[in-house]
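Trainee: Everything below, folded, please.
(one chain, ligands or ions: 1)
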Amino acid sequence: MHGAGGAWWRVAGRELLGLVLPIACAGCGADDVPWCDGCAQGLARPAWRVEGRAARLDRMDGRPPVAVWAVADFAGPVRRAVSAWKDHGRADMTAALGASARRATRALVDEAGESLLGPGPVLVVPAPSTPAARRRRGWDPAGELAAAVADELTRRGCPARRAPVLRRTAGADQAGLSARARSRNLSGHVHVRRWPSALPGRAVLVDDVLTTGATFAACVRALEASGIAVVAGVVVASTPSPGSGAGSPGPTF
Ligand SMILES: [Zn+2]
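Mentor: Here you go, the predicted model:
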């Protein structure tokens, strides 16, 4: 009797909750689960380096692009979940996406941890949103990921602190622009803010997604112009190269 009663209450409770706040998977819309096991597979792959996919990350001065780690292709359910998280009220996805950023961070430490060590903590810098996006959202998605990355770096023996030192001052939203137009749109619009204390000379740049690399490149240029070396990047997802999944382990779904 007890068990049946408990089950009844669980079902009633879930349905009541569903009436108040319908629960659906942020990736596929499946009912009654915020993030289903199938969609979670999209964030379960081993972290890998994705800078080779982002043509606009090239530094133009012969130095190799900043190494960037990711755990997912920006496609399918992962793409929908990131969009739902940033712009459609699914703040509950912070946990899953933050865990993904932590996993990419562990791969960074395993491969390049010594480059993070030095005098003072390494700065973990979120890529800044446009002023319009900042106002619309009222919160900072990349800043949430940067907090997770800074915490994970520190846990793994690389003292770090989140430092939202970059600011985007103008320029249209990047969505819908070509790669070339994105670069034009961004040049001169990313700046290092005035900061209350002296900044250590090393930074890890963090964003949710690496697409063409134009945003990342503008951030790298702004930090380096202020004497801050960008030693690595961490993102959750990266846009697959056109026509291939080159560099990514295993198929997407
Ligand atoms: Zn799903």
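
Trainee: the strands in the stretch 151-253 of the chain, which residues?
Mentor: For the stretch 151-253 of the chain, strands defined by DSSP state E, counting those that start in this stretch occupy the ranges 160-162, 166-168, 190-192, 202-210, 229-238.

Trainee: I'd like to know which of these is closest to residue 50.
Mentor: Nearest to residue 50, of all the strands of the stretch 151-253 of the chain, is strand 229-238, at 3.8 Å by C-beta to C-beta. Just so you know, the C-beta spots here come from the backbone N, C-alpha and C atoms, and that holds for glycine as well.

Trainee: That closest one pairs with which strands?
Mentor: Counting by DSSP bridges, the strands paired with strand 229-238 are strand 68-70 (parallel), strand 72-73 (parallel), strand 202-210 (parallel).

Trainee: Give the buried residues for it.
Mentor: Within strand 229-238, the residues that count as buried by 16 or more other C-beta atoms under 10 Å are 230-238.

Trainee: Need the strands of the stretch 151-253 of the chain in a markdown table (columns: distance to residue 75 and mean pLDDT).
Mentor: Output for these, formatted as a markdown table (distance: least, C-beta to C-beta, whole Å; pLDDT from 0 to 100):
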| stretch | distance to residue 75 | mean pLDDT |
| --- | --- | --- |
| strand 160-162 | 28 | 95 |
| strand 166-168 | 26 | 94 |
| strand 190-192 | 26 | 92 |
| strand 202-210 | 11 | 97 |
| strand 229-238 | 8 | 97 |
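
Trainee: Distance to residue 65 added to those strands, as TSV?
Mentor: TSV is the format used below for the strands of the stretch 151-253 of the chain (distance: least, C-beta to C-beta, whole Å):
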stretch	distance to residue 65
strand 160-162	22
strand 166-168	18
strand 190-192	17
strand 202-210	11
strand 229-238	9
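
Trainee: Quick one: closest of the ones you listed to residue 125.
Mentor: Judging the strands of the stretch 151-253 of the chain by C-beta to C-beta, what sits closest to residue 125 is strand 202-210, at 4.9 Å.

Trainee: Pull the distance from that closest one to the chain's centre.
Mentor: Between the centre of strand 202-210 and the centre of its host chain there is 7 Å, according to C-alpha atoms, centre = their mean, to the nearest Å.

Trainee: Just the CA trace of it, in CSV.
Mentor: Output in CSV follows, covering the C-alpha atoms of strand 202-210 (Å, rounded to 0.1, in the frame of the first residue of the first chain):
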residue,chain,number,x,y,z
ARG,A,202,48.9,35.1,-18.3
ALA,A,203,45.3,34.3,-19.2
VAL,A,204,43.0,31.5,-20.2
LEU,A,205,40.1,32.7,-22.4
VAL,A,206,36.7,31.1,-22.0
ASP,A,207,33.6,31.1,-24.2
ASP,A,208,30.6,28.8,-24.7
VAL,A,209,31.3,28.2,-28.4
LEU,A,210,34.1,28.6,-30.8
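
Trainee: which residues of the stretch 101-250 of the chain fall in helices?
Mentor: Ranges of helices within the stretch 101-250 of the chain are 131-137, 141-155, 179-186, 214-225, based on DSSP state H, counting those that start in this stretch.

Trainee: rewinding a little: for the buried residues of strand 229-238, which two are the farthest from each other?
Mentor: It's 231 and 237 that sit farthest apart of these, by C-beta to C-beta, at 21.1 Å.

Trainee: pLDDT value on the nearest residue to residue 159 once chain neighbours are set aside, please?
Mentor: The shortest distance from residue 159 to any non-neighbouring residue, by C-beta to C-beta, 6 or more residues apart in numbering, is to residue 121 (4.2 Å). Listed pLDDT for residue 121 reads 92.

Trainee: before we move on, back to that, quick one, which of the strands of the stretch 151-253 of the chain gets closest to the ion.
Mentor: For the ion, the closest of the strands of the stretch 151-253 of the chain is strand 229-238, at 15.5 Å, according to C-beta to the ion.

Trainee: Run the chain-centre distance for that closest one.
Mentor: Centre to centre, stretch against its chain (C-alpha atoms, centre = their mean), the figure for strand 229-238 is 8 Å.
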